[in-house]
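Student: how would this look folded up:
(2 chains)
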Amino acid sequence: MRTTIAITALLASAPTSLADPVSDIPVMQEEALEAGIDHAYRGPWEYFVGGGAASFDCNDDRMPDLLIAGGKLPSKLYINRSRAGGHLRFETAETGLKPRDLEKILGAYPLDIDNDGHQDIVLLRLGENILLKGGPECRFERANEAFAFEGGREWTTAFSATWEEGSAYPTLAIGNYVDRTAPGAPWGTCHDNALYRPAQGESGPLYDGRALTPGYCALSMLFTDWNRSGTPDLRITNDRHYYRGGEEQLWHVEAGRAPRLFSRSEGWRHLTIWGMGIAEGDIDGNGYPEYALTSMGDTKLQRLDEEAAEDRPIYTDIAFERGATAHRPYKGEDLKPSTGWHAEFADFNNDSLLDLFIAKGNVEQMPDFATVDPDNLLLGQWNGSFAEAGGTAGIGLPTKGRGAVVEDFNADGLLDLLVINREQPVSLFRNLGAKSKAGPRPGGNFVAIELAQKGPNRNAVGALVSVKIGTRTVNRTVQIGGGHASGHSGFIHAGVGTSERAEIRVKWPDGEWSPPYRVFANNFVRIERGAVEAGYWYPPE
Amino acid sequence: MSLDMWRKVALLGAALCTTLAPMATAEPWSEAVMPGAVEQDTLAGKLGRAALDTLRERGEHLFIGHFTPTDGVGRPFATQAIVPTKRKRPPQNGFFRSAGMDANSCAGCHNMPIVGGAGDFVTNVFVSEGFESADFDSLNPQFSNERGSNHLFGAGLIEMLAREMTADLRETRRRTLAAARETGEPATAALASKGVSFGTITAEPDGMLDLSGVEGVDDDLVVRPFSQKGVMTSIRQFTVNALNHHHGMQATERFGQRWTGERDHDGDGVEDEIRDGDISALVAWQAGLKAPVILEPEQAEWKAAAARGSALFDAMGCVACHKRALPLNSLEFADPGPLDMAGTLRDGELIEPVTYDLGLLEWASTLPRDAEGNVLVPLFGDLKRHVIADQEVAALGNELLAQRFVERNVFMTAELWGAGSTGPYGHRNDLPTLDEVIRAHGGEGRAARDRYVAASGEDRTTLVAFLKALVIEE
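Tutor: Numbers count the residues shown, from 1 in each chain, chains lettered A, B, ... in the order given. Now for the predicted structure:
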């Protein structure tokens, strides 16, 4: 693969310092309370980390609903009542769960575990993790017993899922933090992580867990097909604050085989950071994903090194040359290092270039790190660099960001943003369009794609969506995991710039490529495996 | 540009209480076309006649001007593609008959019978995506579709018809989706506007839309009236496309910093080659081009033949697609329009778009109206795409490449107004006579064509006599 991992020409011209973006700057208007979301993530030390949310459709209207973690407070379910292009509107709703099941929650990820067409939820908790089986009209029931899922007693802070080859149900990876009961805690007492593989039960999976050891206080994990082999491996970012002798990890996870760590001899390099979030995105469209790893101080932006090969995951950090280190607050007087949490690549201005959102916030009162630490919105530039626009866009609030969801909550083609803040109300930003002297103006064109296939893995987790616009290809991967304690399912969004049409191909999770689907931009489309044409969906007005 | 025109440009600015861009000083003998750009900021609200005339004069100046390197002609590092696309190295020749650039003036091709008109076979262009094999040096149809140059007369009316039809179709879509959501049952509706059927849609209660019954229009239900294929939405979009393709004049609104990160995307040393206001001027000039007319022949023999041919036009079924007129509700032309997408200036990008009433122009004030007050636009078309070739009559399906999702044997109904002034015919401009192009109709035009072929020679002649009376006044 050495020959295929090309250094792009973009790199040569990329600046090494921050510059104002020349692309559209989105106008992000905070309207959480007006939208009906009055919620905060609170709690003592154990809730310094976590603070996530799951975004998914639980009432079959294709509008993303929210389950937001509350820490020591109850988590809440919010039903999306927004209309196309309108103000964001949410209503709280009952879940059908016992109150205690909604407490002590740090994060949540949605996925359809039992292939029944309803989104289920994995709740990451301080104590027993819970699988929620989703039903009609946003009703849920605890499914640990039905799915033989041993929720453990750990302090869980990370999650990812994949459908291993031949499996009817997802394999679940659980990332744990500090073992508070171990002698000497919290220093050097990281819990093991766990991998749950499914067997066939009567009407769903029966899970069998095994330890992923050693654990190094995982704060984010992601099944990722880094080498496009068709078999995702498990990348884990770990918090060096508490581990001893630890590092970032990549696990081989191959069907029918015990998981094993990538070793130094396989090219995996030792890296220790205060790893808090993972984002994956193919920023240069070459088919191979790059990774953003949030930390205290520099954010890492990794791409495959020239020495990498198909079985050698050697990465090099390009954050500095791309202007993506986001290492200290971009405004205010505080020059101390930043603390980064959730990271997510997405195209906020629909110019077809990936942008990078990073939630920022002091852990609590760490004196060596910035106290006021606004979230970042690094806009992708045509020369391959990133330019900071968080303040100009309006997301640079003095909050302590943790998890986040980047989602088009009002189905207008513009990505909105939910940020869960520690000990402060959540922020919900509506994307009004591009900043201009005449007020917000329309951005670039977009397509939003919903995937569906029959049988297991109905939502095609692991699929690669390849959107061809002219000579360029915009790639998106359907994943469950990463970020910081937050995940979303549903439409896959891609900005397509000035293209009015796009040709979409899907590499389904089993590796089969779809035929090209021709779609008109600025539409929501559904691609069912085997269908001759993409279907069009229109949001409620 | 004449001194008189300079004065008018200045007056336009004064009339709008705005300012024009600083005019570069140009010697009277300057070959440059661009000095004196119109600033888009000066264009807002409703234009009166004088301001419209001045704007159109600037547009005409740009339309007939021969762009020079000083203006920005050339695109050594960009292809002809509609989506900004870089090339790695400059082509061997800047001007190149097949892949372009192939002209340095709009009027170089659009000049028959007068400026703004169509072009002879020699003005054919070679349409390709401009992505792969952008520098094709062959006329082989595997690389491009060869197309004749259409006339632009009545283009403003055409665009407004398409806007109104799109609004009708989208309103039907909105109502159908709402009905399905409200009742919880699938809802089916006929898509039609101005008497033209576009098939049916079926909405599901969950908001999915079955488009398999849609006919003759894109899945997004935007009636795209321009180009022979019917794939361009607006005069503005077509103008931006053509300026790059044919001249290497890159409009800022698509090729500028916002969408490419560069002010000189094509690498010819000229930044922001043609700005929004000048595109607006070009749009105004084209939108205001008079509608072709039905000539009242002076010769009694022609007059009689044309009258009989007119009746046969209906009787043979030509009128099924070549509808004599479509009703237009309003002559208010807004620029930018409501349907363009990113890369073409959109109304939402401005504080206020400019509008002008084409009824201010003498030719438009004489157009007939129906009982409801709608202007009857005598286009002899339906702004709908049709299959125009079949197994036996395949001449108009002689291409290899689909264009912008439209199959190779499907074309927009050619508007016949002006046909008498704009031979040769067919999308390749390779059918010298009206008789030949009628005989080339297959597919959905086959039945009418067969009636024509089966008719007597005299009847066929009279039909041609009628069509020859559809002229662009000189």
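Student: need the residues of the stretch 151-300 of chain B near chain A, please.
Tutor: B:173-174, B:177-178, B:181, B:203, B:206-212, B:218-220, B:222, B:254, B:257-262 (Cβ under 8 Å from any Cβ of the partner chain). For glycine as for every other residue, the C-beta is placed from the backbone atoms N, C-alpha and C.
Student: show me where the stretch 301-450 of chain B has strands.
Tutor: B:326-328, B:332-335, B:354-357, B:375-377, B:385-387, B:410-412 (DSSP state E, counting those that start in this stretch).
Student: where are the low-confidence patches of the chain?
Tutor: Since you didn't name a chain, this refers to chain A. Residues of chain A meeting the criterion pLDDT under 70: A:1-18.
Student: try again with chain B
Tutor: The model of chain B has pLDDT under 70 over residues B:1-25.
Student: Pick the most deeply packed of the strands of the stretch 301-450 of chain B.
Tutor: For those, the largest average neighbour count (mean count of other Cβ atoms under 10 Å in any protein chain shown) is found in strand B:410-412, namely a mean of 24.
Student: ok, and does that one reach over to chain A?
Tutor: No. Using Cβ under 8 Å from any Cβ, strand B:410-412 stays clear of chain A, with a minimum separation of 13.9 Å.
Student: what's next to that strand, contact-wise?
Tutor: B:225, B:227-230, B:381, B:383-388, B:396, B:427 (Cβ atoms under 8 Å, 6 or more residues apart in numbering or on different chains).
Student: let's see 6 Å
Tutor: With contacts defined as Cβ atoms under 6 Å, 6 or more residues apart in numbering or on different chains, strand B:410-412 is touched by B:228, B:229, B:230, B:385, B:387, B:388.
Student: On the three-state scheme, residue A:473 is what?
Tutor: When classified by DSSP: H, G, I helix; E, B strand; the rest coil, residue A:473 comes out as strand.
Student: Leaving out sequence neighbours, find the closest residue to it.
Tutor: Distance criterion Cβ to Cβ, 6 or more residues apart in numbering or on different chains; nearest residue to residue A:473, sequence neighbours excluded, is residue A:285 at 5.2 Å.
Student: Surely the one you found and residue A:476 touch.
Tutor: No. Applying Cβ atoms under 6 Å, one finds residue A:285 not in contact with residue A:476, separated by 10.9 Å.
Student: that older thread, could you count how many residues lie near the residue nearest to residue A:473?
Tutor: Other residues within reach of residue A:285, judged by other Cβ atoms under 10 Å in any protein chain shown, total 18.
Student: Repeat that for residue B:300.
Tutor: Residues contacting residue B:300 under the criterion other Cβ under 10 Å number 8.
Student: ok, it to residue B:306 distance?
Tutor: Distance of residue B:300 to residue B:306, given as Cβ to Cβ, to the nearest Å: 11 Å.
Student: In a markdown table: the strands of the stretch 301-450 of chain B, plus distance to residue A:408.
Tutor: Shown next, in a markdown table, are the strands of the stretch 301-450 of chain B (distance: least, Cβ to Cβ, whole Å):
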| stretch | distance to residue A:408 |
| --- | --- |
| strand B:326-328 | 36 |
| strand B:332-335 | 28 |
| strand B:354-357 | 32 |
| strand B:375-377 | 39 |
| strand B:385-387 | 32 |
| strand B:410-412 | 33 |
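Student: Find the nearest non-adjacent residue to residue A:206, please.
Tutor: Once flanking residues are discounted, residue A:206 sits nearest to residue A:148: 4.1 Å by Cβ to Cβ, 6+ apart.
Student: Need the phi and psi values for residue A:101.
Tutor: phi -70, psi -10 (degrees, to the nearest 10).
Student: Residue numbers of chain A in contact with chain B?
Tutor: Proximity of chain A to chain B, by Cβ under 6 Å from any Cβ of the partner chain, involves residues A:22, A:382, A:438, A:441-442, A:444-445, A:470-471, A:498-500, A:518, A:520, A:535-538.
Student: Help me confirm that residue B:443 comes into contact with residue B:388.
Tutor: Yes. With contact defined as Cβ under 6 Å, residue B:443 reaches residue B:388; the gap is 4.8 Å.
Student: More neighbours: which of the two?
Tutor: Counted by other Cβ under 10 Å, residue B:443 and residue B:388 do not tie: residue B:388 has more neighbours, with 27 against 20.
Student: for whichever residue of the stretch 351-474 of chain B sits closest to chain A, what are its contacts?
Tutor: Closest residue of the stretch 351-474 of chain B to chain A, Cβ to the nearest Cβ: residue B:351 (4.3 Å). The contact partners of residue B:351, by Cβ under 6 Å, 6+ apart, come to residue A:438.
Student: And it, how close does it get to residue B:42?
Tutor: 12 Å.
Student: The residue positioned nearest the centre of chain A pairs with what?
Tutor: In chain A, the centroid-proximal residue (Cα atoms, centre = their mean) is residue A:483; its distance is 3.9 Å. Beta-bridge partners recorded for residue A:483 (DSSP bridges): residue A:278.
Student: Just the endpoints, please. Distance across stretch A:404-413?
Tutor: End-to-end distance of stretch A:404-413 (Cα to Cα, to the nearest Å): 19 Å.
Student: Could you list the residues in contact with it?
Tutor: By Cβ under 6 Å, 6+ apart, the surrounding residues in contact with stretch A:404-413 are A:53, A:55, A:64, A:82, A:84-86, A:88, A:342, A:344, A:346, A:357, A:359, A:415-419, A:446, A:486, A:488, A:522, A:539.
Student: Mind checking which of these land in strands?
Tutor: If you go by DSSP state E, the contacts of stretch A:404-413 have A:53, A:55, A:342, A:344, A:346, A:357, A:359, A:416-419, A:446, A:488 in strands.
Student: if you go through the chain in chain order, where are the helices?
Tutor: Let's take chain A. Taking DSSP state H as the test, the helices found in chain A are A:9-13, A:32-35, A:390-393.
Student: you looked at the wrong chain, it should be chain B
Tutor: Shown for chain B, the helices assigned by DSSP H span residues B:3-15, B:49-64, B:155-183, B:235-242, B:252-255, B:257-260, B:276-287, B:300-315, B:362-365, B:434-439, B:446-454, B:457-467.
Student: Of all those, which one is nearest residue A:218?
Tutor: Of all the helices of chain B, helix B:257-260 sits nearest to residue A:218, with 40.5 Å by Cβ to Cβ.
Student: For the stretch 301-450 of chain B, what lies in contact range of chain A?
Tutor: So far as Cβ under 6 Å from any Cβ goes, the stretch 301-450 of chain B lies against chain A at B:341, B:342, B:343, B:346, B:348, B:349, B:351, B:405.
Student: 8 Å instead, please
Tutor: By the criterion of Cβ under 8 Å from any Cβ, the positions of the stretch 301-450 of chain B lying close to chain A are B:341, B:342, B:343, B:346, B:348, B:349, B:350, B:351, B:404, B:405.
Student: Who are the contact partners of the residue nearest to the third one when sequence neighbours are not counted?
Tutor: Computed as Cβ to Cβ, 6+ apart, the closest residue to residue B:343 that is not its neighbour in sequence is residue A:498, at 2.9 Å. Listed by Cβ under 8 Å, 6+ apart, the contact set of residue A:498 reads A:444, A:445, B:82, B:83, B:84, B:254, B:259, B:341, B:342, B:343.
Student: Residue A:444 contacts residue A:494, doesn't it?
Tutor: No. Assessed by Cβ atoms under 8 Å, residue A:444 is found out of contact with residue A:494, at 10.4 Å.
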